[in-house]
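Novice: this one's sequence-less:
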């Protein structure tokens, strides 16, 4: 299935849907900048260089994903939008890996971190080199990467705050729920609902990182 055909089905949004989606993205960007700045400052007080770099990696991946998603979704249909689509979908892999990074550094699960980042880089390459192909596979890969932390659950339980663990789980469930609305393209407002759930899940995971940093 070509990239052009994939997006041609999903860009027929009403003005109301576009406005709703724009508002969700605007809120996400503002909150993201404020949250990332506060988190970086907190990490300087709590962590050494490695810990601060881990938190910075997470913050950068969050802002990159929010920024690219906003740009891609509000950009008029055209050649540039096709290019932005590649970067937007690639950034999802980076966000997943970036979100896990502070937890994996804190828990010392370096093998898992190597696997997560290797898969994320491979996913980015797939999106950039073969855009519009393997769409279903990409969704499964997003979900598998997002839930890969289950493989080190025993270590996370021993090293991370209990509240952080519950928030990681809750955020993952909200992300997974959001996929249903992402795929439900016949539902009106499915796109702002999907992005709204992404924002909620990202906020929950931010809280998990915040507790891990400040505990």
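Specialist: Looks like it came in fine. These numbers come from a predicted model, not from an experiment.

Novice: which residue is nearest the centroid of this structure?
Specialist: residue 95 (4.0 Å; Cα atoms, centre = their mean).

Novice: so who does it touch?
Specialist: For residue 95, the contacting residues are 61-62, 64-65, 202, by Cβ atoms under 8 Å, 6 or more residues apart in numbering. (Glycine included, C-beta is placed from N, CA and C.)

Novice: and if you look at residue 60?
Specialist: Residues in contact with residue 60 (Cβ under 8 Å, 6+ apart) are 36, 98.

Novice: now do it against residue 13, distance only.
Specialist: Remark: distance between residue 60 and residue 13 (Cβ to Cβ, to the nearest Å) = 30 Å.

Novice: and if you look at residue 211?
Specialist: Relative to residue 13, residue 211 is positioned 37 Å away (criterion: Cβ to Cβ).

Novice: one more: residue 52?
Specialist: Residue 52 is 40 Å from residue 13, where distance means Cβ to Cβ.

Novice: do residue 145 as well
Specialist: Here the distance between residue 145 and residue 13 works out to 28 Å (Cβ to Cβ).

Novice: residue 169 too?
Specialist: In this structure, residue 169 and residue 13 are 32 Å apart, going by Cβ to Cβ.

Novice: what sits up against stretch 146-155?
Specialist: Here stretch 146-155 makes contact (Cβ under 8 Å, 6+ apart) with 96, 100, 103-104, 107-109, 112, 115-116, 119, 156, 168, 172, 175-176.

Novice: mind listing what's buried along the stretch of helix or strand residue 90 belongs to?
Specialist: Secondary structure assigned from DSSP states H and E places residue 90 in helix 79-107. For helix 79-107, a neighbour-count test (16 or more other Cβ atoms under 10 Å) marks 81-82, 84-107 as buried.

Novice: tell me the mean pLDDT for that helix?
Specialist: Model confidence over helix 79-107, given as mean pLDDT, is 96.

Novice: same question for stretch 142-155.
Specialist: Regarding stretch 142-155, the rounded mean pLDDT is 96.

Novice: measure that stretch end to end?
Specialist: 22 Å (Cα to Cα, to the nearest Å).

Novice: rewinding a little: after the helix holding residue 90, which helix or strand is next?
Specialist: Taking DSSP H and E as the definition, the helix or strand that follows helix 79-107 towards the C-terminus is helix 110-129.

Novice: show me what counts as buried in the helix or strand that contains residue 154.
Specialist: When secondary structure is defined by DSSP H and E, residue 154 falls within helix 153-159. Buried residues in helix 153-159, counting neighbours by 16+ other Cβ under 10 Å, are found at 155-156, 159.

Novice: could you dump those to a markdown table with distance to residue 196?
Specialist: Formatted as a markdown table, the buried residues of helix 153-159 follow (distance: Cβ to Cβ, whole Å):
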| residue | distance to residue 196 |
| --- | --- |
| 155 | 33 |
| 156 | 28 |
| 159 | 32 |
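
Novice: and of the residues you listed, the nearest to residue 182?
Specialist: Checking these against residue 182 by Cβ to Cβ gives residue 156 as the nearest, at 27.1 Å.

Novice: from residue 204, how far out is that closest one?
Specialist: In this structure, residue 156 and residue 204 are 16 Å apart, going by Cβ to Cβ.

Novice: no more questions from me, cheers.
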